[in-house]
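Participant: Sequence below, structure please.
(one chain, ligands or ions: 1)
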Amino acid sequence: MKGIVFSEFIEMVEEEFSPQMADDIIEAASAKLDSGGSYTSVGVYDHLELVELVTELSKASGVEMNELVTTFGTHLAGRFAEIYPSFFEKAESTLDFLESVDNHIHVEVLKLYPEAELPRFKTQRTGNQLMMEYQSKRPFSALAKGLIQGSAIYFGEQLSVEEVDLSNGIGNHMRFTITSQL
Ligand code: HEM
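Facilitator: Predicted coordinates for the structure are as follows:
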């Protein structure tokens with residue numbers, strides 16, 4: 001998994017919790033981190049390191065893991081909007097933007113970073129509703145949910161997001177039904 005994901009996660013912990021909390025969870029997880037807990041945006045790291053960091057954050061904060069990963073996804077969407085504004089500017093609404101992730105945004109991401117490991121999304125649009133079916137080798141459907149919600153914040157829209165777990169609790173296959181309240 002790309003280093004940017006890790007450096008943004010640490011930044012989210014510093015902002016939403018505290019810099020001390022970020023240091024504490026890296027320290028607590030360090031025995032299980034091949035990287036030793038230091039990440040650069042150009043590096044590539046095992047996604048399980050992120051799972052370890054979230055596990056420690058959950059223990060230290062008492063907040064459930066999926067909720068933390070979703071909060072992180074919301075933060076990450078805001079950062080993507082700053083780092084890659086053109087993807088957002090091209091879209092007129094959250095649903096247009098989300099519909100373009102699989103067949104445009106992630107395709108471009110893969111050209112920039114051939115080593116990226118991206119999830120797949122099947123989409124089906126009906127008016128103000130978008131069905132988005134997430135499928136990945138990694139269990140990050142909670143991250144997808146946060147990215148969906150964070151995208152709506154960028155566009156200033158209200159969305160309702162319903163989810164159906166197709167993975168028996170693993171978190172690598174989820175159907176989101178997203179309705180724009182606009
Ligand atoms: C400008 C917008 C976006 C950019 C630049 C972007 C880029 C990326 C990058 C660089 C990764 C890491 C890949 C790796 O570490 O190997 C990633 C992963 C991921 N992206 Fe996107 N992405 C964008 C929007 C979205 C949106 C809106 C969603 C959800 C609807 C999404 C869902 C995911 C998920 C869930 C992952 C984690 C990997 C996995 O589940 O297997 N992305 N994306």
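Participant: what about residue 96, neighbour count?
Facilitator: The tally of other residues near residue 96 (other C-beta atoms under 10 Å) stands at 14. In this view, the C-beta of every residue, glycine as well, is placed from N, C-alpha and C.
Participant: contacts for stretch 25-44?
Facilitator: Residues outside stretch 25-44 that contact it (C-beta atoms under 8 Å, 6 or more residues apart in numbering) are 1-4, 6-7, 10, 13, 45-46, 49, 52-53, 55-57, 59-60, 115.
Participant: Quick one, which of those are buried?
Facilitator: Neighbour-count burial (16 or more other C-beta atoms under 10 Å) applied to the contacts of stretch 25-44 gives 1-4, 6-7, 10, 13, 45, 49, 52-53, 55-57.
Participant: of the residues you listed, list those near the ligand.
Facilitator: Among the buried ones among the contacts of stretch 25-44, the residues within reach of the ligand (C-beta under 6 Å from any ligand atom) are 1-2.
Participant: Skipping its backbone neighbours, what lies nearest residue 78 in space?
Facilitator: Excluding the flanking residues, the one nearest residue 78 by C-beta to C-beta, 6 or more residues apart in numbering is residue 150, at 5.6 Å.
Participant: sec struct for the one you found, please.
Facilitator: At residue 150 the chain is in helix, as set by DSSP: H, G, I helix; E, B strand; the rest coil.
Participant: Then residue 175?
Facilitator: Residue 175 ends up strand, using three-state DSSP.
Participant: so what's it scoring on pLDDT?
Facilitator: Predicted confidence (pLDDT) for residue 175: 98.
Participant: what does this structure put close to the ligand?
Facilitator: So far as C-beta under 6 Å from any ligand atom goes, the chain lies against the ligand at 1-2, 5, 80, 84, 87, 98, 101, 105-106, 109, 116-119, 136, 138, 140, 143-144, 147-148, 151.
Participant: Type out the PyMOL command that picks the buried ones from those residues.
Facilitator: The buried subset of the residues of the chain next to the ligand, as determined by 16+ other C-beta under 10 Å, is captured in PyMOL by this line:
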select buried, resi 1+2+5+80+87+98+101+105+106+109+118+119+136+138+140+143+144+147+148+151
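Participant: got the contact list for residue 11?
Facilitator: 75, 79.
Participant: Quick check: it vs the ligand, distance?
Facilitator: Distance, residue 11 to the ligand, using C-beta to the nearest ligand atom, to the nearest Å: 15 Å.
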